[in-house]
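In: Model the structure of this input:
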Amino acid sequence: MKDGQINLATVREFTGQVPSNGELTIQIKSADLSASTTFSFQLSLNGSGWDIAQENGTDITDTLVANEDKIKSFSVVPNILFKIKFDGVTTGIVTY
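Out: Residues are numbered from 1 along each chain as shown. Sure thing, here's the model as predicted:
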């Protein structure tokens, strides 16, 4: 389990590695978002080429709203690199 936070004014993503069982759950929240912000779940084999993951042919994206916990679970190839990337120019501290 990895906990942390990012300041969207300067950092728009956080990264990690899918556990060896291939199951990943993330929880994100921000109490001070300047506005709702969309985010995507992205995967990479080498850490330099990233693409938005898909489920049944649809990109995995969602929207984070201030003061709302967002919990997402994924089944992914074990040990692959992932990142959560926030779109736009919103500001606020996101905890994960």
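In: Poorly predicted segments of the chain, please.
Out: Applying pLDDT under 70 to the chain flags residues 1.
In: centroid residue for it?
Out: For the chain, the residue nearest the mean C-alpha position is Ile84 (2.2 Å; CA atoms, centre = their mean).
In: Just say helix, strand or coil for that one.
Out: Here Ile84 takes the strand state, with states given by DSSP: H, G, I helix; E, B strand; the rest coil.
In: which residues pair with it across the strands?
Out: Assessed by DSSP bridges, Ile84 has beta-bridge partners Phe14, Phe41.
In: shouldn't it be in contact with Leu24?
Out: No: using CB atoms under 8 Å, Ile84 makes no contact with Leu24, being 10.6 Å away. C-beta coordinates here come from the backbone N, C-alpha and C atoms, glycine included.
In: residue ranges for the helices of this structure, please.
Out: Taking DSSP state H, the chain contains no helices at all.
In: residues touching Thr61, list them.
Out: Thr38, Phe39, Ser40, Phe41, Ile52 (CB atoms under 8 Å, 6 or more residues apart in numbering).
In: and it, bridged to which residues?
Out: Taking DSSP bridges as the rule, Thr61 bridges to Ser40.
In: And it, how far from Pro19?
Out: 22 Å (CB to CB, to the nearest Å).
In: Asp62: neighbour count?
Out: When neighbours are counted by other CB atoms under 10 Å, Asp62 registers 14.
In: now do Val18
Out: 18.
In: Begin at 786, not 1, for the rest of this chat.
Out: All set: I'll call the first residue 786, so the last point we hit is now Val803.
In: Wait, it touches Leu809, no?
Out: Yes: if you go by CB under 8 Å, Val803 and Leu809 touch, sitting 5.1 Å apart.
In: shared neighbours of the two, which are they?
Out: Joint contacts of Val803 and Leu809 (CB under 8 Å, 6+ apart) are Phe859, Val861, Phe867.
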